[in-house]
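S.K.: After the sequence you'll find the predicted model.
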Amino acid sequence: MDPSVVLSALVLGISIGSIFLVAALGLAIIYGTAGVINMAHGELIMLGAYTTYTLQTFLGVPFFLCLPLSFCIVALVGIAIERLLIQHLYNRPLDTLLATWGVSLVLMQGVRLIFGSDPKYVQLPAFLSTNLDLGIVNVSVFRIFVVLVAALLVFATWYTFYRTRFGIMVRAVTQNKEMAASFGINSGKTYMLTFAIGAGLAGVAGAMFGGLNIVLPTMGMSYVVEAFLMVVSGGGSLLGTILASGFTGQMQSIFAFIFNDTFARFLIFLMVVIFLRFRPQGLIGSGDTRR
Amino acid sequence: MLLNLQDVSSFYGNTRILRNVTMGVAKGSCLCVLGRNGVGKTTLVKTIMGLTDKIEGEIHLDGADLSASRTDERAKCGIGYIPQGRQILGKFTVRENILLGTFARADESTTIPDICLELFPYLKENLNRRAGLLSGGQQQQLAIARALAVNPQILLLDEPTEGIQPNIVAEIGETLKMLNKELGITLVLTEQHIKVARKLGDEFVMMDNGRVVDSGPIAELTDDVVERHMTV
């Protein structure tokens, strides 16, 4: 077997894994903290892509500035969703599921009404549109950029949740809401900020995915399935999501290399279903009850 | 009075657990809340913290009306809470558990007060240890340190000696006495150990079926009163 082909598959696996990870990160935070299964996550990714498109097209904002702006704008949308809807439905998982599904449909149709159904394009800086020749493998610079941003987002998320007072607040509320309140922590405000961060991360994901693919009102659906698979098979934790994304990305790349892309996706889904049959708590899930 | 409850009833769902409780706790004193299992002692403490579903009546702390306040707002008024079973956050380190208390500080200080670690040298030496790995007695020390990090004017302790080895019970009793008598922190203590109550308490209230059925200075907590209300 040609080693360059194997190496290409591995590099592609890292790239696919990082895309899965970026898509799943916000979902993992919201699910891991508040236990909310946010069916509108894909549409928040889509909003991030449209935000970047709008900022570039109508305001001439450079791509790199669009990333933090997409975070902020989609985080504000997240706050609005949480305050108007989700905060009334905590501890009611089925209702939350249906309500966020409704939100996803509203967002999708709303964007379709405003922007139409024809594809839009996010313009990348010229150097991100080139390929990097590493001798035996040829890699898209933008895919390398996505891997780097994924690493940066993971670090920023870990730092926020494990090295700051806000992180103590969030983890205290997750472990024992009653005790957190007994020591001055407003769980409602904590959930709201966590939802905002999760939504903001979806916005950044969308801004980057707009550079990988065309921007459509339905684009979120194609990412949300993988995002859910990563979060559920990872057990809802940050580390679990990282491991699940990395492993699944590699498997998808290897299967696609051996068979084809469609069959690779089929095999991945099958593997996840079998895995969850024997380990329903996921890779790093503790099986703890949220209090 | 530092803490005043006026005709307070408390509910879980539609079930009334506390019935028209009226009581007061003087500043710097120690009030022992006594009674058999299931008479409403824990509910009384949870009611003061705002952890029941609904209350009727009025609760005042240092003149401020807490009746309609959320739990986090009450904590910020200077209430340190040591719940039954300790409820240490097991996934947190010792340091993170104590830091949790600082979120309720009125002065917004974010550092662990010296007293928390001076009182409990074991905690000082094990700040990075996972709290879930501590023994029951060590967890109780941690619960007290966490409540002290609030810089409380009043400590609510729900059965602090429950499930603790006898030698540690004495140690915890000494610590609480010091906090009350030397530092002037007001204590409200639910207890089933009469010895502990007599050693620490200035006043007592005896509860039965969600009501206060007897109260007075601890000297009036005679064996006869104990037998009448606490023997099964």
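M.R.: Yep, that arrived.
S.K.: quick one, strands of the stretch 51-200 of chain A?
M.R.: Assigned by DSSP state E, counting those that start in this stretch, the strands in the stretch 51-200 of chain A fall at A:131-133, A:138-140.
S.K.: Need these in a markdown table (columns: mean pLDDT and distance to chain B).
M.R.: (Glycine included, C-beta is placed from N, CA and C.) What follows is those, written out as a markdown table (pLDDT from 0 to 100; distance: least, Cβ to the nearest Cβ, whole Å):
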| stretch | mean pLDDT | distance to chain B |
| --- | --- | --- |
| strand A:131-133 | 89 | 42 |
| strand A:138-140 | 88 | 39 |
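S.K.: among those, which is the most enclosed?
M.R.: Mean neighbour count (mean count of other Cβ atoms under 10 Å in any protein chain shown) peaks for strand A:138-140 among the strands of the stretch 51-200 of chain A, with a mean of 15.
S.K.: can you redo the strands of the stretch 51-200 of chain A as a markdown table with distance to A:Lys120?
M.R.: As requested, the strands of the stretch 51-200 of chain A are arranged in a markdown table below (distance: least, Cβ to Cβ, whole Å):
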| stretch | distance to A:Lys120 |
| --- | --- |
| strand A:131-133 | 24 |
| strand A:138-140 | 21 |
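S.K.: check contacts around the residue of chain B at minimum distance from chain A.
M.R.: Residue of chain B nearest chain A, by Cβ to the nearest Cβ: B:Ala104 (3.1 Å). B:Ala104 makes contact with A:Phe183, A:Gly184, B:Asp72, B:Ala75, B:Lys76, B:Ile79, B:Gly80, B:Val150 under the criterion Cβ atoms under 8 Å, 6 or more residues apart in numbering or on different chains.
S.K.: Swap in 6 Å and give it another go.
M.R.: B:Ala104 makes contacts with A:Phe183, A:Gly184, B:Ala75, B:Lys76, B:Val150, as judged by Cβ atoms under 6 Å, 6 or more residues apart in numbering or on different chains.
S.K.: one step back: closest one to A:Leu283 among the strands of the stretch 51-200 of chain A?
M.R.: A:Leu283 lies closest, by Cβ to Cβ, to one member of those: strand A:138-140, at 27.8 Å.
S.K.: What pairs with the closest one, parallel or antiparallel?
M.R.: Applying DSSP bridges to the sheet, strand A:138-140 is found paired with strand A:131-133 (antiparallel).
S.K.: So which residues on chain B come close to chain A?
M.R.: The interface of chain B toward chain A, taken as Cβ under 6 Å from any Cβ of the partner chain, is made up of B:49, B:51, B:71-72, B:75-76, B:81, B:87, B:89, B:91, B:96, B:99-101, B:103-104.
S.K.: coming back round to it: ok but the residue of chain B closest to chain A is inside a strand, no?
M.R.: No - counting by DSSP: H, G, I helix; E, B strand; the rest coil, one finds B:Ala104 to be coil, located in no strand.
S.K.: next one: phi and psi at the residue nearest to it when sequence neighbours are not counted?
M.R.: Spatial nearest neighbour of B:Ala104, excluding adjacent residues (Cβ to Cβ, 6 or more residues apart in numbering or on different chains): A:Gly184 at 3.1 Å. Phi and psi for A:Gly184, reported as degrees, to the nearest 10, are phi 90, psi 10.
S.K.: Now do the same contact list for A:Leu267.
M.R.: A:Phe255 are the contacts of A:Leu267 under Cβ under 6 Å, 6+ apart.
S.K.: Would you mind listing the buried residues in the strand or helix carrying it?
M.R.: Under the criterion of DSSP states H and E, A:Leu267 resides in helix A:261-278. Neighbour-count burial for helix A:261-278, counted by 16 or more other Cβ atoms under 10 Å in any protein chain shown, picks out A:Ala264, A:Leu267, A:Ile268, A:Met271, A:Val272, A:Phe275.
S.K.: Now compare the residues you listed and name the two farthest from each other.
M.R.: Taking Cβ to Cβ, the two most distant members of the buried residues of helix A:261-278 are A:Ala264 and A:Phe275; they sit 16.2 Å apart.
S.K.: which parts of stretch B:180-198 are buried?
M.R.: Buried residues in stretch B:180-198, defined by neighbour count with 16+ other Cβ under 10 Å: B:Asn180, B:Ile185, B:Thr186, B:Leu187, B:Val188, B:Leu189, B:Thr190, B:Glu191, B:His193, B:Ile194, B:Val196, B:Ala197.
S.K.: Would you mind measuring the gap between the ends of that stretch?
M.R.: By Cα to Cα, to the nearest Å, the extent of stretch B:180-198 from end to end equals 14 Å.
S.K.: pLDDT averaged over that stretch - what is it?
M.R.: The average pLDDT within stretch B:180-198 is 93.
S.K.: From the chain's centroid, how far away is that stretch?
M.R.: 9 Å (Cα atoms, centre = their mean, to the nearest Å).
S.K.: Let me have the buried residues of stretch B:180-198 in CSV, extended by distance to B:Thr110.
M.R.: Output for the buried residues of stretch B:180-198, formatted as CSV (distance: Cβ to Cβ, whole Å):
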residue, distance to B:Thr110
B:Asn180, 27
B:Ile185, 21
B:Thr186, 25
B:Leu187, 26
B:Val188, 27
B:Leu189, 29
B:Thr190, 31
B:Glu191, 33
B:His193, 36
B:Ile194, 41
B:Val196, 34
B:Ala197, 36
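S.K.: Looking at the residues you listed, which two lie furthest apart in space?
M.R.: The distance between the two most remote of the buried residues of stretch B:180-198 (Cβ to Cβ) is 22.5 Å, for B:Ile185 and B:Ile194.
S.K.: got any ranges where the chain has weak pLDDT?
M.R.: Chain wasn't specified; assuming chain A. The model of chain A has pLDDT under 70 over residues A:1, A:286-291.
S.K.: actually chain B
M.R.: Ranges of chain B meeting pLDDT under 70: B:232.
S.K.: Setting aside sequence neighbours, what's the nearest residue to the residue of the stretch 1-150 of chain A at minimum distance from chain B?
M.R.: Of all residues in the stretch 1-150 of chain A, A:Gly32 sits closest to chain B, at 12.4 Å by Cβ to the nearest Cβ. Leaving aside its sequence neighbours, A:Gly32 sits nearest to A:Gly236 (Cβ to Cβ, 6+ apart; 4.6 Å).
S.K.: returning to that earlier point: right, and the residue nearest to B:Ala104 touches B:Ala75 too?
M.R.: Yes - if you go by Cβ atoms under 6 Å, A:Gly184 and B:Ala75 touch, sitting 4.3 Å apart.
S.K.: and residue 56, what does it touch?
M.R.: You didn't say which chain, so I picked chain A. A:Gln123.
S.K.: look at chain B instead
M.R.: Contacts of B:Glu56 by Cβ under 6 Å, 6+ apart are B:Ser9.
S.K.: State whether it is indeed within a helix.
M.R.: No - per three-state DSSP, B:Glu56 lies outside any helix segment and is strand.
S.K.: What separation is there between it and B:Ser9?
M.R.: Distance, B:Glu56 to B:Ser9, by Cβ to Cβ, to the nearest Å: 4 Å.
S.K.: quick one: common contacting residues for those two?
M.R.: Counting by Cβ under 6 Å, 6+ apart, B:Glu56 and B:Ser9 have no contacts in common.
S.K.: how about A:Gly211, what does it touch?
M.R.: With contact set as Cβ under 6 Å, 6+ apart, A:Gly211 has these partners: A:Val122, A:Leu124, A:Phe142.
S.K.: Restricting to those residues, which residues neighbour chain B?
M.R.: Counting by Cβ under 6 Å from any Cβ, nothing from the contacts of A:Gly211 sits close to chain B.
S.K.: and residue 73, how many neighbours does it have?
M.R.: No chain specified, so I'll use chain A. For A:Ile73, the count of nearby residues is 22 (other Cβ atoms under 10 Å in any protein chain shown).
S.K.: my bad, chain B
M.R.: B:Glu73 has 16 neighbours, counted by other Cβ under 10 Å.
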